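Trainee: Here's my sequence, what's the structure:
(4 chains)
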Number of protein chains: 2
Amino acid sequence: METYDINQIKAELETKGIRPSFQRLKVMEYLHQHKNTHPTAEEIYAALAPEIPTLSRATIYNTLHSFSEHGLVNCMSLDGIETRYDMWIEHHGHFRCEKCGMIRNFPVKLGDLQMDGLEHYEIKHRNIIFTGICPDCTNQTKLEKGDEQ
Amino acid sequence: METYDINQIKAELETKGIRPSFQRLKVMEYLHQHKNTHPTAEEIYAALAPEIPTLSRATIYNTLHSFSEHGLVNCMSLDGIETRYDMWIEHHGHFRCEKCGMIRNFPVKLGDLQMDGLEHYEIKHRNIIFTGICPDCTNQTKLEKGDEQ
DNA sequence: TTCTATAATTAGAATTGTTCTATAATTATA
DNA sequence: TATAATTATAGAACAATTCTAATTATAGAA
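Mentor: Purely as a prediction, here's the structure:
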């Protein structure tokens, strides 16, 4: 597990005008350590609760909202149930398998995207979400059908 | 309000193997009549309930799931709270204002989008969701700041 | 340091979109 | 018709999130 300099993270929050409380530093550290797994609020809570026994879910939600508003993280709902949080690195899309729920990042060149009619819109977050069936589940289905016949 | 031939809608469901019950026809009719407003399940329920007094929310949800599975509608969560349903017409993106909640469709050429690593993935739904501040809210903010000074 | 105002955190209740469950109604088919 | 399968219903249950009121932590002033 990659480790991050806590002072670096502290500075990151301070430049955005967010007071670097212990809880916020821990959430930010967790997000850095899980850059590509787009964790849920509950996952972050579960991971940090042992270390911070008094931790409240409300703090996690407050913190994530704050981070999102300040553009430190990107949030999205991939399944319509729970919200996931991603550290901004570069634009990428998300594919979610409707069968097994697996989520896969894929690179995307947003620059290629022609968009008309958004000239005066201040775009803060961009999400590209595809859903369908992943190769594993496709093969699984084929096998099952094969067995039946 | 545009009207649609009920027999056409009936045929549409039958070709997908969905039994065209009265409730399902009504939901599909509603979706056709509100192609660009991406209604929520609750909005559809509220609109149809007066006409079908015994209508249950569960029916709306069951119906929308069925439509989505059969590719008749596209569903997405724009705000992380409620799911919205869109008739597939052509690919378009959605912009949602974080202040006023306004949702705007914008044309998108998905063909331009370079995507690597999804070769064996069966993609059924594609959603492009941008969030930020709409021009009205941007102007509003400017005015308020101006008044203060 | 101590005081004060403000901001952050907490526990748990409340809310809300959605799903589940058991039953009733409808439809298809024998 | 009788029977089976599907669909619809009402309302309870559920789970992610937000809210509330009280407590704690912090920064800056005295």
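
Trainee: residues in chain A within reach of chain B, list them.
Mentor: A:75-77, A:80, A:83, A:93, A:95, A:98, A:104, A:106-109, A:112-118, A:120-135, A:138 (C-beta under 8 Å from any C-beta of the partner chain). Placement of C-beta: from N, CA and C, glycine included.

Trainee: Of these, which fall within the contact range of DNA strand D?
Mentor: A:77, A:83 (C-beta under 7 Å from any atom of the strand).

Trainee: Can you select the buried ones from the residues of chain A next to chain B in PyMOL?
Mentor: Listed next is the PyMOL selection for buried residues among these, using 16 or more other C-beta atoms under 10 Å in any protein chain shown:
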select buried, chain A and resi 75+76+77+83+93+95+98+104+106+108+113+115+118+121+125+126+127+128+129+130+131+132+133+134+138
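
Trainee: Centre of the chain to the lengthiest strand in chain A, how far?
Mentor: Secondary structure of chain A read by DSSP state E shows that its longest strand is strand A:122-133. When C-alpha coordinates are averaged (C-alpha atoms, centre = their mean, to the nearest Å), strand A:122-133 and its chain have centres 12 Å apart.

Trainee: same for that strand, what does it pack against?
Mentor: On a contact count with 3 or more C-beta pairs under 8 Å, 6 or more residues apart in numbering or on different chains; DSSP states H and E, strand A:122-133 meets strand A:73-77, strand A:92-97, strand B:122-133.

Trainee: what residues does the second one touch?
Mentor: In this case it means strand A:92-97. Contacts to strand A:92-97, defined as C-beta atoms under 8 Å, 6 or more residues apart in numbering or on different chains, come from residues A:38, A:76, A:78-79, A:102-108, A:127-134, A:136-137, B:115, B:118, B:121, B:123.

Trainee: ok, it: who's next to it in the sheet?
Mentor: Strand pairing for strand A:92-97, determined by DSSP bridges: strand A:103-107 (antiparallel), strand A:122-133 (parallel).

Trainee: circling back: got the helices and strands packed on strand A:122-133 as a markdown table, with mean pLDDT columns?
Mentor: Formatted as a markdown table, the helices and strands packed on strand A:122-133 follow (pLDDT from 0 to 100):
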| stretch | mean pLDDT |
| --- | --- |
| strand A:73-77 | 96 |
| strand A:92-97 | 95 |
| strand B:122-133 | 94 |
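
Trainee: Make TSV out of the ones you listed and add distance to B:E69.
Mentor: Below are the helices and strands packed on strand A:122-133 laid out as TSV (distance: least, C-beta to C-beta, whole Å):
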stretch	distance to B:E69
strand A:73-77	19
strand A:92-97	14
strand B:122-133	9
